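K.L.:
can't give you the sequence, but here's the structure:
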């Protein structure tokens with residue numbers, strides 16, 4: 001009788017051992033499925049690290065990198081266009097500068113959009129803006145997940161006179 005109970009116990013133990021393996025199996029997914037899920041999870045409109053100018057290289061937090069990047073650009077452009085100009089009419093125009101910083105960290109101006117009145121009143125404005133941007137090149141591009149990426153920016157500049 002004791003043998004019968006022992007045999008049943010051994011039988012239950014062995015059958016439990018074989019059937020419990022399914023509880024320890026992990027679901028396998030293909031590398032293509034994994035890649036597809038990762039691509040869906042990435043926010044392609046955001047970067048992990050902004051392009052870096054020499055004066056901003058000590059910034060490590062994303063928000064402080066962004067602030068330094070924007071401030072450096074704005075101050076350099078402001079310095080390049082800050083001149084004493086005589087215009088024949090009051091101006092309140094916006095100049096839109098569209099530019100990219102490629103994967104190698106090179107700043108490339110795509111387009112400068114400005115009103116024809118502004119072009120006529122200040123014909124050298126566009127050249128001054130380009131000169132200001134040429135004088136400040138990033139030392140590193142933007143990064144997304146550790147990979148250098150091309151980024152595009154639009155920078156509005158308001159030109160006012162009275």
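P.N.:
All right, it came through fine. It should be emphasised that the depicted structure is a prediction, and the values quoted were computed from it without experimental measurement.
K.L.:
Near residue 133, how many other residues are there?
P.N.:
20 (other C-beta atoms under 10 Å). Every residue, glycine included, has its C-beta placed from N, CA and C.
K.L.:
actually residue 30, sorry about that
P.N.:
8.
K.L.:
Which strands or helices does the lengthiest helix in the chain pack on?
P.N.:
When the chain is parsed with DSSP state H, its longest helix is helix 62-81. On a contact count with 3 or more C-beta pairs under 8 Å, 6 or more residues apart in numbering; DSSP states H and E, helix 62-81 meets helix 125-134, strand 151-160.
K.L.:
Find the one among these with the highest mean neighbour count.
P.N.:
Burial of the helices and strands packed on helix 62-81 is given as mean neighbour count (mean count of other C-beta atoms under 10 Å); helix 125-134 ranks first at a mean of 17.
K.L.:
helix or strand right after that helix?
P.N.:
Next along the chain after helix 125-134, taking DSSP states H and E as the criterion, comes strand 142-144.
K.L.:
buried ones in that next one?
P.N.:
Neighbour counts over strand 142-144 (16 or more other C-beta atoms under 10 Å) mark 142, 143, 144 as buried.
K.L.:
Same list as before, the residues you listed that is, but in JSON lines and with distance to residue 70 and pLDDT included.
P.N.:
Output for those, formatted as JSON lines (distance: C-beta to C-beta, whole Å; pLDDT from 0 to 100):
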{"residue": "142", "distance to residue 70": "13", "pLDDT": "92"}
{"residue": "143", "distance to residue 70": "17", "pLDDT": "91"}
{"residue": "144", "distance to residue 70": "19", "pLDDT": "88"}
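K.L.:
Out of these, the closest to residue 60 would be?
P.N.:
residue 143 (12.6 Å; C-beta to C-beta).
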